[in-house]
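[1] give me a 3D structure for the following:
(one chain, ligands or ions: 1)
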Amino acid sequence: MDEGLREEIGQVAFVDHHVHAPYKRAHEIPPEEFRRPFTEASIPAVWTENIPTLIGYQWMIRELARVLHCAPTESAVLAARNGMAMRPYHRLLADAANLGACYDDDLFGFGQCYPIDIWAEIIERPVERVLRVETFVEQGYAACETLDDALERLTREITAPARRLVSLKSIAGYRTGLAFDPPSTTQRQAAANAYRQLRDSALGTSPGRIADKALVDTIVWTALEAAAPQALPMQFHVAFGDDDIIMTKNDPTLMRALFSHEPFRAVPLVLLHCYPFHRQAGYLASIYPNVYADLGLTIPIIGPGAATALAELLELCPTRQLLASTDGHMEPEFQWFAIHVWRWALARVLGQYIAWDILDTDTALATARAILHDNALRVYQTGN
Ligand SMILES: [Zn+2]
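    Coordinates of the predicted model:
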């Protein structure tokens, strides 16, 4: 490992363009909760028994022990973090990570996480807002009687938001997959029917979770049409995630209808997570100038595999189209460790290219700066 390069990469503030504010709950947590961000499984045995044996998790314990000056065991690390007050602990990790601005998808775990302003105050960093479109529509049943009303409300929030937005986000990958169909009369009718039924049940006792393909596709298309005139980016959940995902429907090459629709070329389409389809994401970035790839969430769960995945993504993905996020959620350690692993993987991969005489040091450093910081500011037009 080139220590000089690693140190220089550490000086670049990390702009976390996709993250969720931590849970606002008691700071002191048991081991099971501490492990939870490392899996999106719903079966308790995964985090009560198995996560402690995941290499990525074991690595996090060792690194966190260095920051907290304690023994590198789960119990010692947990005792040290639980023994600190919440605010100084969150700030300690943000400073140790050299964290920059955060773009918060705040409709994840809505009501359970710190609101944007409070989180910004805790970590002393700017926090921007990302709008999760499917959840936004689910929150509007009471006010919107028909699908037309719901889509009008969504368009209004995108074009004249109640609070500044830096991006949209779709979780279609979780719900119905990424093979979006362009609009048609039949699709619109099916979507309107699905909306009516969901709304009726949601105004009763059901949560009204949108998982109808015609409806999801209609929401995504409408959101992109509203985003296009202002070149507002849209993030997509791709592949790897919850245990209800159908992986074969999460290959990003299925998103052809969005890539080939001319008006959407103005919209940066950001493919989040991507594993194990990160090579497909790199391929898409190589043929569509408005496609961006990211390995958030994948890093740090795959631990040392992060260097391999990054190198594979860089085979085809031009570096101006690679963005770095953490997908931090629940507790602050996941975000901090993801940043640590991003820097580690960049130093390993770019250091190797320098050693092989493929890149000079200045180009390698400029590449790291673009991936960790500059690309996000350019794509999201944020200035921070
Ligand atoms: Zn996320």
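
[2] enumerate every residue touching Ala65.
    With contact set as CB atoms under 8 Å, 6 or more residues apart in numbering, Ala65 has these partners: Ala71, Pro72, Thr73, Ala76, Val77, Ala80. In this view, the C-beta of every residue, glycine as well, is placed from N, C-alpha and C.

[3] neighbour-wise, which one of those residues leads?
    Within those, most neighbours by other CB atoms under 10 Å means Val77, with 23 neighbours.

[4] quick check, that residue in contact with Cys70.
    Yes - between Val77 and Cys70 there is a contact under CB atoms under 8 Å: 6.1 Å.

[5] okay, Ala211 and Gly305: tell me how far apart.
    Distance of Ala211 to Gly305, given as CB to CB, to the nearest Å: 31 Å.

[6] out of these two, which sits in the busier spot?
    Gly305 (18 against 14).

[7] so what does that one look like in phi/psi?
    Dihedral pair for Gly305: phi -70, psi -10, per degrees, to the nearest 10.

[8] please, where are all the helices along the stretch 1-150 of the chain?
    3-10, 31-35, 45, 55-68, 74-82, 86-96, 116-123, 133-138, 147-159 (DSSP state H, counting those that start in this stretch).

[9] mean confidence (pLDDT) on the second one, please.
    I take that to be helix 31-35. Helix 31-35 shows a mean pLDDT of 96.

[10] so how far is the helix or strand following that helix off the chain centroid?
    Using DSSP states H and E, the helix or strand that follows helix 31-35 in sequence is helix 45. Distance of helix 45 from its chain centroid, counting by CA atoms, centre = their mean, to the nearest Å, is 25 Å.

[11] quick one: average confidence on helix 45?
    Averaged over helix 45, pLDDT sits at 94.

[12] now swap in stretch 135-145 and tell me
    Computed over stretch 135-145, the mean pLDDT rounds to 96.

[13] in CSV, list the C-alpha atoms belonging to stretch 190-209.
    Written as CSV, here are the backbone C-alpha positions of stretch 190-209 (Å, rounded to 0.1, in the frame of the first residue of the first chain):
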residue,chain,number,x,y,z
ALA,A,190,-54.0,-0.3,-14.7
ALA,A,191,-52.0,2.2,-12.6
ALA,A,192,-55.1,4.3,-11.9
ASN,A,193,-57.0,1.1,-10.8
ALA,A,194,-54.1,0.0,-8.6
TYR,A,195,-53.9,3.4,-7.0
ARG,A,196,-57.6,3.5,-6.2
GLN,A,197,-57.5,0.0,-4.5
LEU,A,198,-54.3,0.8,-2.6
ARG,A,199,-55.7,4.2,-1.4
ASP,A,200,-58.9,2.5,-0.2
SER,A,201,-57.0,-0.1,1.8
ALA,A,202,-54.5,2.5,3.1
LEU,A,203,-57.3,4.7,4.4
GLY,A,204,-58.4,1.6,6.3
THR,A,205,-55.8,-0.5,8.0
SER,A,206,-53.3,-1.5,5.3
PRO,A,207,-50.0,0.5,4.9
GLY,A,208,-50.8,1.0,1.2
ARG,A,209,-47.4,-0.2,0.0
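
[14] so which of the contacts of Ala65 is the closest to Thr367?
    Pro72 (32.0 Å; CB to CB).

[15] give the contact list for that closest one.
    By CB under 8 Å, 6+ apart, the neighbours of Pro72 are Ile61, Arg62, Ala65, Arg66.

[16] top of these by neighbour count?
    Most neighbours among those, by other CB under 10 Å: Ile61, with 20 neighbours.

[17] after the longest helix belonging to the chain comes which helix or strand?
    Counting residues, the longest helix found in the chain (DSSP state H) is helix 332-355. Per DSSP H and E, the first helix or strand lying C-terminal to helix 332-355 is helix 361-369.

[18] list the contacts of that following helix.
    Applying CB under 8 Å, 6+ apart, the set of residues contacting helix 361-369 from outside is Leu5, Glu8, Ile9, Val12, Thr319, Leu346, Ala347, Leu350, Gly351, Tyr353, Ile354, Leu359.

[19] what is the next helix or strand after it packed up against?
    Following helix 361-369 in sequence order, the next helix or strand is helix 375-380 (DSSP H and E). Applying 3 or more CB pairs under 8 Å, 6 or more residues apart in numbering; DSSP states H and E, one finds that helix 375-380 contacts strand 14-19, strand 322-323.

[20] direction included, what does the first one pair up with?
    Applying DSSP bridges, strand 14-19 is found paired with strand 99-105 (parallel).

[21] now the partner strand against helix 86-96, angle please.
    Using axes from the mean of the first three to the mean of the last three CA atoms, to 10 degrees, the direction of strand 99-105 lies 120 degrees away from that of helix 86-96.

[22] quick one: average pLDDT of strand 99-105?
    Mean per-residue pLDDT for strand 99-105: 98.

[23] before we move on, what about stretch 156-169?
    pLDDT averaged over stretch 156-169 gives 96.

[24] do I have it right that Asp217 meets Phe180?
    Yes - applying CB under 8 Å, one finds Asp217 in contact with Phe180, separated by 5.1 Å.

[25] overlap in contacts of those two?
    Ala172.

[26] so Thr135 versus Tyr141, what's the distance?
    Applying CB to CB, the value for Thr135 to Tyr141 is 12 Å.

[27] could you tell me how many residues sit around Gly208?
    Neighbour count of Gly208, defined by other CB under 10 Å: 18.

[28] nope, Ser42 is what I meant
    9.

[29] let's see the pLDDT reported for it.
    For Ser42, the model assigns a pLDDT of 90.

[30] does it touch Arg36 like I think?
    No - counting by CB under 8 Å, Ser42 sits too far from Arg36 to count as a contact (10.9 Å).
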